[in-house]
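Peer 1: Kindly generate the corresponding structure for this input.
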Amino acid sequence: MRTDYYEYSIPELVQMLGARFKDYRMRAMMTQRDVAEQSGVTINTIHRFENGMAPNMSISTLLLLLKAIRCIDGLDNLLPELPESLYLIKDNGRKAQRIRHSSSKK
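Peer 2: Okay, here's the model as predicted:
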């Protein structure tokens, strides 16, 4: 059964992610100290994340933690690369760098 993550608040999602990280860490037979040494992240930060108390942890810190427990390959599941989109190619053949909405004046 697939979880509908839209039903959860951000703090709930952080708590779920921290608990899941702890499970992965333990299955990798690593202590919080091991992860801290490999990632450069403090044990306190790891403890707070695993217990859902790190709502403002940076993406960089999360990536360091994922690398430490050898789960960085999971990024392909989080945001898989997309094929080229014909809708994002400009008339000059170059890829659009941003999306602009046209303003309509009435």
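
Peer 1: just the helices in this structure please.
Peer 2: Using DSSP state H, the helices of the chain run over 10-27, 32-39, 43-50, 59-68, 75-78.

Peer 1: Could you give the separation of the second one from the chain centroid?
Peer 2: Pointing back at helix 32-39 there. Distance of helix 32-39 from the chain centroid (CA atoms, centre = their mean, to the nearest Å) equals 19 Å.

Peer 1: again, but for the first one
Peer 2: Using CA atoms, centre = their mean, the mean C-alpha position of helix 10-27 is found 12 Å from that of the whole chain.

Peer 1: Just the buried residues of it, please?
Peer 2: Buried residues in helix 10-27, defined by neighbour count with 16 or more other CB atoms under 10 Å: Val14, Gln15, Leu17, Gly18, Phe21, Lys22, Arg25. For glycine as for every other residue, the C-beta is placed from the backbone atoms N, C-alpha and C.

Peer 1: And these, which is closest to Ile72?
Peer 2: Of all the buried residues of helix 10-27, Ile72 sits closest to Phe21, with 12.5 Å by CB to CB.

Peer 1: give the contact list for that closest one.
Peer 2: Applying CB atoms under 8 Å, 6 or more residues apart in numbering to Phe21 gives the contacts Phe49, Glu50, Leu65, Ile69.

Peer 1: run the last query once more with 7 Å
Peer 2: Phe49, Glu50, Leu65 (CB atoms under 7 Å, 6 or more residues apart in numbering).

Peer 1: and the first one, how many neighbours does it have?
Peer 2: Yep, that's Phe49 we're talking about. Residues near Phe49, counting by other CB atoms under 10 Å, number 25.

Peer 1: Model confidence score at Leu88, please.
Peer 2: Leu88 carries a pLDDT value of 68.

Peer 1: Neighbours of Leu34, how many?
Peer 2: No Leu there; residue 34 is Asp. 15.

Peer 1: switch to numbering from 795
Peer 2: That works, and once the first residue is 795, the last one we named lands at Asp828.

Peer 1: Kindly provide the distance from it to Leu876.
Peer 2: Asp828 sits 35 Å away from Leu876, going by CB to CB, to the nearest Å.
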